[in-house]
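Asker: Kindly generate the corresponding structure for this input.
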Amino acid sequence: MKITTRIHRRILLAGAALGLSALAVAAFAEEPATTVDTLIVATGSLEQTLPNDLSRYGNDIVVVNADTIRDRAYVDTNDALRMEIPGLYLVPYAGPFSYSNLTLQGSRAGEVLWLVDGVRINNRLYNGTSPSDTLPTNMIERIEVLKGGQSLFYGTNATAGVINIVTRGFSSKSGGELTGGLDTNQGYHVSGYGRGATGRNKFVVYGSWDQAEGYRSFDHYEPSATDRNRSYDVKTGGVKYAFDLGESAAFSLRYQHTNALIDYLQPTEVAEGSNRRDEDIFSANLDYLPNEQFQLFGKVYVHQWNSYYTTKVNTPGNPSIPPITVDDNAQWWYYDSGVNLVAQFKPGGPVDYLVGYDSQRYYGQDDVLLIERQAETVNAGVLQIRSNDMFSDRARFAAGARYNTIAGQSSTVWNASGHVDLSLTVYVEGTAGTAFLLPDAYELHAVDPFDVWGEPDLEPEKSRSFNLSVGGEAEDHRFAWQVTGFQRTIDNLITDDSSATTFKNGDPLPPAAANGVFINVPDQVKVTGFEGQAAFHLNSDWTLHASYAQVDAHVKGSTSQLTNNPESYGKASLDYAPMDRRYGGSISALWTGDVFDGGGNNFGDYVVADLAVQVYLDDDRKTQVTLRIENLLDEDYATRGFRTGDLDSSAGTFPFRFVGVPRTVHLSLTRRY
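Answerer: The predicted model follows:
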């Protein structure tokens, strides 16, 4: 019955796509094509233009803008990235504002660096924990995803790529929008932003409130689990201020605060389980551009993340006994601060120079999984040499190195890249280099007797990566394509060894370390694969996007794919956006191939589709109603590998799955001014 249902859903999906395609072909015959451009910032501070500059020199970048996010009514950042970014596999464990599994070109979650306005927000307590569970979409101006090793400018965690979330930007014109929405998971959304300028002053203010009762995120519950709907309550606000110091300089301040209450549940015993979050991101920026030959950018930043964990459990078989408090606002937190300086020199010859300095200080502690409070300081110097149009107007090349000092040790990584236009319609580009991933606090300093013990002498993971792309665009701009091959090898991969009895230096493990210790794997890990993507601008109204990725990720000597890493996945979307009508729409789908958990269970092979429709209530499109049907075919799929829980009867265990969001209808109203 399950196989029949799955086939039926795929037939429905194919039918819907073919139907929209038929309409597109009909429209194609009626109207000429126009170019659909990706939004990338080309002017501004060195920090703002860095992703665009890197893309000009051969780095692969994908950008999602605010209009796409609004028109498809995405709830949080995970939602938008999951459906929109080719080559990215991302699955939220329990719907919006939850942890997620992520691989970018075969990576693990900790190998991708997350930034908000250039401030790193990765959870340095746990590299593998996605930091995106407190990132609503209202604040987003655009999302920039850089693929491949990016440690040259971004340091640790950027071994496979960077996700930079750019919040609402400054504008010399006053404007903004207000949005209200609801969904069938008893979810509610209110958000808004405003921006403008007066004299030399510019400002932006934004805020959002997302709340939902949620859905049942497990496919089985024991009677003792009385809190079953995974809810969230996320409030985010931000303010940005800029002051023009003159024609050549500007100063800006940015602050964002998030307060969130996010359920963290289990299918047994839990009467209440939650993480209460308080997060602050602050930065002060200085931009200086006295002439065309020199530009300077400086930033100081602070990222403070506090979480308070509460767990109350029921007694199996005794519902009359009041819940027992296991954790009462137990705190886990970290504090990240730093300084970034970047200067660009254009002396007038065929090459330009970028020089940078990066200093970061981090410390944190976990009173739940018992990580001792520790501090870490990282300093780095960066030099990159770039060719310019005097060297060639059809080819651009760059090469650079980063020197890092960490806890008295030093290391150097390098990167080289290039882009060559073979003709007006075909190009080739690529990157090669090294990168590093520092061990997190959990791997270094865990002292929990019920968990793996930390190893203070762990080596950083080191990787070598190579990306090569060939792509092009038709002369009439109706068709664009790109095929990318990638390879990455990893040394000193960090994992746990349950059989270990000593630390790396030979000292015996303490008696409390009964579950082993973290180690560096002696064997090399290799990731190879390719991805292809294409865009068909059928006419001024219709656009079709499609992508496919194939990945082979395994430890040397093994043919088994790394756990939670899909062997293949694909995405497609068909957009209808007529500029002369008061409506539009899109259908998007993603397919996930085989994905195996640690027990060898396959929890992949499924299709998830979304349908979105926009209706504009006025000719100038300032008032918009959006309807989105998430998981259109109501696909039943697992978001994590199969797990086991204890039966209330104590007579054994039961298997369970984390399941994805069921079919959910979202409705929102937006007013722009």
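
Asker: Can you read off the pLDDT for S231?
Answerer: Predicted confidence (pLDDT) at S231: the value is 97.

Asker: which of the residues in stretch 420-437 are buried?
Answerer: For stretch 420-437, a neighbour-count test (16 or more other CB atoms under 10 Å) marks 421, 427-437 as buried. Using the backbone N, CA and C atoms, a C-beta is placed for each residue, glycine as well.

Asker: repeat for stretch 182-196
Answerer: 182-183, 185, 187, 189-196.

Asker: Cross the buried residues of stretch 420-437 against strands and list the overlap.
Answerer: Among those, the members falling in strands (DSSP state E) are 421, 427-437.

Asker: Can I get the residues you listed in JSON lines including distance to L245 and pLDDT?
Answerer: Compiled in JSON lines, these are given as follows (distance: CB to CB, whole Å; pLDDT from 0 to 100):
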{"residue": "D421", "distance to L245": "39", "pLDDT": "96"}
{"residue": "Y427", "distance to L245": "39", "pLDDT": "97"}
{"residue": "V428", "distance to L245": "42", "pLDDT": "98"}
{"residue": "E429", "distance to L245": "37", "pLDDT": "97"}
{"residue": "G430", "distance to L245": "40", "pLDDT": "96"}
{"residue": "T431", "distance to L245": "36", "pLDDT": "97"}
{"residue": "A432", "distance to L245": "40", "pLDDT": "97"}
{"residue": "G433", "distance to L245": "36", "pLDDT": "96"}
{"residue": "T434", "distance to L245": "39", "pLDDT": "95"}
{"residue": "A435", "distance to L245": "36", "pLDDT": "93"}
{"residue": "F436", "distance to L245": "37", "pLDDT": "89"}
{"residue": "L437", "distance to L245": "39", "pLDDT": "89"}
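
Asker: Among the residues you listed, which pair sits farthest apart?
Answerer: D421 and L437 (34.1 Å; CB to CB).

Asker: Stretch 241-251 - what's its average pLDDT?
Answerer: Averaged over stretch 241-251, pLDDT sits at 92.

Asker: follow-up on the earlier one: which pair of the buried residues of stretch 182-196 spans the longest distance?
Answerer: Within the buried residues of stretch 182-196, two members stand farthest from each other by CB to CB: N185 and G196, at 35.6 Å.

Asker: Let's have the ones in strands among the buried residues of stretch 420-437 in CSV, adding distance to T268.
Answerer: Listed next are those as CSV, based on distance: CB to CB, whole Å:
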residue, distance to T268
D421, 60
Y427, 55
V428, 55
E429, 52
G430, 50
T431, 47
A432, 49
G433, 47
T434, 45
A435, 41
F436, 40
L437, 35
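
Asker: Find me the pLDDT at A109, would you?
Answerer: 89.

Asker: nope, I40 is what I meant
Answerer: Looking at I40, its pLDDT stands at 36.

Asker: any idea how far P566 is from F596?
Answerer: F596 sits 9 Å away from P566, going by CB to CB, to the nearest Å.

Asker: what do the two both touch?
Answerer: Common contacts of F596 and P566 (CB atoms under 8 Å, 6 or more residues apart in numbering): G604.

Asker: Below-threshold pLDDT in this protein: ranges please.
Answerer: 1-44, 372-373 (pLDDT under 70).

Asker: E292: how many residues sit nearby?
Answerer: E292: 8 surrounding residues under other CB atoms under 10 Å.

Asker: Contacts only, for it.
Answerer: E292 sits next to K346 when contact means CB under 8 Å, 6+ apart.

Asker: what's it sitting at in phi/psi?
Answerer: The phi and psi torsions at E292 (degrees, to the nearest 10) take the values phi -70, psi -10.

Asker: With L125 instead?
Answerer: According to degrees, to the nearest 10, L125 has phi -70, psi -40.

Asker: So the closest residue to V661 other than its chain neighbours, which state does it fall into?
Answerer: Of all residues not flanking V661 in the chain, G95 sits nearest, at 4.6 Å (CB to CB, 6 or more residues apart in numbering). Following DSSP: H, G, I helix; E, B strand; the rest coil, we place G95 in the coil state.

Asker: wait, G95 sits on R216?
Answerer: No - taking contacts as CB atoms under 8 Å, G95 lies outside contact range of R216: 10.3 Å.

Asker: Correct me if wrong, but Q561 is in a strand.
Answerer: No - read with three-state DSSP, Q561 is coil and lies in no strand.

Asker: State the number of residues packed around it.
Answerer: Residues near Q561, counting by other CB under 10 Å, number 17.

Asker: if I look at it, how far off is N185?
Answerer: Distance of Q561 to N185, given as CB to CB: 33 Å.

Asker: Repeat that for K504.
Answerer: Distance from K504 to N185, by CB to CB: 47 Å.

Asker: Please apply the same query to Q266.
Answerer: As judged by CB to CB, Q266 and N185 stand 20 Å apart.

Asker: For the closest residue in space to T184 that isn't next to it in sequence, which residues count as its bridge partners?
Answerer: Leaving aside its sequence neighbours, T184 sits nearest to V665 (CB to CB, 6+ apart; 4.7 Å). Assessed by DSSP bridges, V665 has beta-bridge partners I629.

Asker: sorry, back to before: more neighbours: which of G95 and R216?
Answerer: The neighbour comparison of G95 against R216 (other CB under 10 Å) goes to G95, with 27 against 15.

Asker: Now do the contacts for the nearest residue to M390 once chain neighbours are set aside.
Answerer: Once flanking residues are discounted, M390 sits nearest to P350: 4.4 Å by CB to CB, 6+ apart. Listed by CB under 8 Å, 6+ apart, the contact partners of P350 are 387-388, 390-391.

Asker: Closest one of those to D648?
Answerer: Lowest distance from D648 to those (CB to CB) belongs to S387, with 67.7 Å.

Asker: Find the nearest non-adjacent residue to the closest one, please.
Answerer: With sequence-adjacent residues excluded and distances taken as CB to CB, 6+ apart, S387 is closest to F397, at 4.8 Å.

Asker: any idea how far H445 is from the one you found?
Answerer: For F397, the distance to H445 - CB to CB - is 42 Å.

Asker: which parts of the helix or strand hosting L341 are buried?
Answerer: L341 is located in strand 324-345, with elements delineated by DSSP states H and E. Buried residues in strand 324-345, defined by neighbour count with 16+ other CB under 10 Å: 326-327, 332-338, 340-344.
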